[in-house]
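> coordinates for the following, if possible.
(one chain, ligands or ions: 1)
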Amino acid sequence: MTGYFMLKGKKILLGITGSIAAYKTAILVRNLIKAGAEVRIIMTPSAIEFVAPLTLSTLSKNEVLYTIAEQGSWANHVMLGRWANLMVIAPLTCNTLAKMSNGICDNLLMAVYLSATCPVVVAPAMDEDMWLHPSTSFNLNKIQSYGNHLIPVEHGELASGLIGPGRMAEPEKIVDWIDLFFKKSDQLAGKKVLITAGPTYESIDPVRFISNHSTGKMGIALANECIQRGAAVTLICGPITIPIPDKVKHIPVVTAAEMYESSMLEFENADIAVLSAAVADYTVKNPAEYKIKKTESCLTLELEKTRDILKSLGERKKENQLLIGFALETNNEEANATSKLISKNADYIILNSMNDKGAGFGKDTNKITIFAKNGNAISFETKSKSEVANDIIDTILKNN
Ligand code: CTP
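Residues are numbered from 1 along each chain as shown. Next up, the predicted model:
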């Protein structure tokens, strides 16, 4: 426990919900206390079926709360959320996840969560089929868009006997995550980060457009990562359907031209710009005023080049500004990425190849190589997009 320097004196509010993984919270509490944290615990009524409040109050050296009112006195949920430096909900069941997603307040834990002003992190635990249900990923995306953080589930033996994803992260991993969270939290304090994300739409006529398959997931993961590290984030984003984090300054755009205009304006005040958007390289020269009718057997569209945002920012870049671009390639990946690094005057180019199974549009994972101006190149394994965002920001911080 000697390695956890950041936990000393930190106030951790632990919310426990009704999953078999709740038994592991005894070790989690013990480890947090050993690392020097102060721990207060709230349980849902069903969590107390899995682990005794007496065990947890003994380990945390604090009374464990699980009802809003007890013997005529009221548990002050507002005070608890303000007291904590971090609220950790572990294990997080499907049920509490759905309540968090919808703001349902039917127990003390939910009252504290909904009134908490501190950051919140969740460590889900559920069986494989529940984990893979579309409502689970929908709700997880939604609560992350509110600014909540996620400690990913592990793959392994589940309570049902099945082997698969859904196990709560081990207590040691949760403590590691919390320690790193505090370590990272002010690394970008005072910095302004500009991120472009998503696709652009280029109109053909009033009902049709040219676009691409970008979903904006990588850009949103980057925005969350920078917020977590204390940056003020501006997100210039094409049309996407995934939720936008609450804490960003969101500038919605549709066309490549709109994204260009907003990027030029916002770059003036940015310390770091990360251009993850899939900007259309060509737009329709003369979009039709009315819907094009299918009278002709062949239709020709005249396209003209859009302005290259990354290149233009590279030309304006001041010495104290960092510029990071992406390169999505299907062939000659390395050569194309390095030539973009030079031609666009970027400090880093993040290469992802459509040939890698875990990379590309719409996926929850990505596989990247980071090319730096100084000639260094670092390749990473396939990881979740939030882990990839972490690797990108870590690399920049290490080198600058
Ligand atoms: N980009 C941009 N403005 C454009 C086109 C691309 O800012 N009009 C940015 C992207 O956001 C990305 C980088 O440039 O950060 C590389 O984009 P990519 O599509 O891989 O390359 P292109 O420069 O468009 O070149 P090509 O399509 O020929 O590979």
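> list the contacts of whichever strand or helix holds K398.
Assigned by DSSP states H and E, K398 falls within helix 385-399. The contact list for helix 385-399 (Cβ atoms under 8 Å, 6 or more residues apart in numbering) reads 150, 187-188, 217-218, 221-222, 224-226, 229, 272, 274, 322, 324, 347-348, 350, 363-366, 368, 370, 372, 374, 376, 378, 380, 383. Quick note: C-beta positions are derived from backbone N, CA and C, even for glycine.
> now a PyMOL select for only the buried ones of those.
Buried subset of the contacts of helix 385-399, written as a PyMOL selection, criterion 16 or more other Cβ atoms under 10 Å:
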select buried, resi 150+188+217+218+221+222+224+225+226+229+272+274+322+324+347+348+350+363+365+366+368+370+372+380+383
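> list, one by one, the residues from the stretch 51-200 of the chain near the ligand.
Neighbours of the ligand within the stretch 51-200 of the chain, by Cβ under 6 Å from any ligand atom: T196.
> check which residues of the helix holding K398 are buried.
K385, S386, E387, V388, A389, N390, D391, I392, I393, T395, I396.
> likewise stretch 55-66?
L56, S57, L59, S60, V64, L65, Y66.
> ok, which stretches of the stretch 1-150 of the chain are strands?
With strands called from DSSP state E, counting those that start in this stretch, the stretch 1-150 of the chain shows them at 11-16, 38-43, 64-65, 69-70, 73-74, 86-92, 120-124, 149-150.
> among these, which gets the worst mean confidence?
Lowest mean pLDDT within these: strand 73-74, at a mean of 66.
> specify the beta-bridge partners of the spatially closest residue to I33 that is not a sequence neighbour.
Setting aside the residues directly before and after it, I33 is nearest to V39 in space (Cβ to Cβ, 6 or more residues apart in numbering), at 6.0 Å. Beta bridges link V39 to I12, judged by DSSP bridges.
> for V39, which residues are in contact?
V39 sits next to I12, L13, L14, V29, L32, I33, S60, N62 when contact means Cβ under 8 Å, 6+ apart.
> Q187 now?
If you count contacts by Cβ under 8 Å, 6+ apart, Q187 has them with R229, G230, L397.
> export those residues to a markdown table and tack on distance to I20 and pLDDT?
Output for those, formatted as a markdown table (distance: Cβ to Cβ, whole Å; pLDDT from 0 to 100):
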| residue | distance to I20 | pLDDT |
| --- | --- | --- |
| R229 | 34 | 94 |
| G230 | 36 | 94 |
| L397 | 39 | 95 |
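> now, which of these sits nearest the ligand?
Distance ranking of the contacts of Q187 against the ligand, using Cβ to the nearest ligand atom, places L397 first at 19.7 Å.
> which residues in this protein form helices?
Secondary structure of the chain by DSSP state H: the helices cover 25-34, 53-60, 77-83, 94-102, 108-115, 128-132, 134-145, 171-184, 217-228, 256-267, 309-316, 333-343, 385-399.
> in the stretch 101-250 of the chain, which residue sits closest to the ligand?
Nearest residue of the stretch 101-250 of the chain to the ligand: T196, at 5.9 Å (Cβ to the nearest ligand atom).
> now that residue: closest residue in space that isn't a chain neighbour?
A277 (3.7 Å).
> the one you found: neighbouring residues, count only.
A277 has 26 neighbours, counted by other Cβ atoms under 10 Å.
> N85 too?
Neighbourhood size, N85 [other Cβ under 10 Å]: 18.
> may I have the residues that are in contact with D347?
L322, L323, I324, A372, K373, I396, N400.
> name whatever forms a beta bridge with the third one.
So the one you mean is I324. Taking DSSP bridges, one finds V274, Y348 as the beta-bridge partners of I324.
> could you measure from it over to K398?
As defined by Cβ to Cβ, to the nearest Å, I324 lies at a distance of 14 Å from K398.
> cool, and the fourth one?
Using Cβ to Cβ, we find A372 at a distance of 10 Å from K398.
> how about I174?
From I174 over to K398 (counting by Cβ to Cβ), the distance is 25 Å.
> just the buried residues of stretch 300-307, please?
Residues of stretch 300-307 classed as buried: T306 (neighbour count, 16+ other Cβ under 10 Å).
> ok so, going back, JSON lines please, covering the strands of the stretch 1-150 of the chain and showing distance to P252.
JSON lines is the format used below for these (distance: least, Cβ to Cβ, whole Å):
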{"stretch": "strand 11-16", "distance to P252": "34"}
{"stretch": "strand 38-43", "distance to P252": "38"}
{"stretch": "strand 64-65", "distance to P252": "42"}
{"stretch": "strand 69-70", "distance to P252": "44"}
{"stretch": "strand 73-74", "distance to P252": "43"}
{"stretch": "strand 86-92", "distance to P252": "31"}
{"stretch": "strand 120-124", "distance to P252": "26"}
{"stretch": "strand 149-150", "distance to P252": "25"}
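> relative to A111, which of the ones you listed is closest?
Of all the strands of the stretch 1-150 of the chain, strand 38-43 sits nearest to A111, with 9.1 Å by Cβ to Cβ.
> tell me the buried residues in the closest one?
For strand 38-43, a neighbour-count test (16+ other Cβ under 10 Å) marks E38, V39, R40, I41, I42, M43 as buried.
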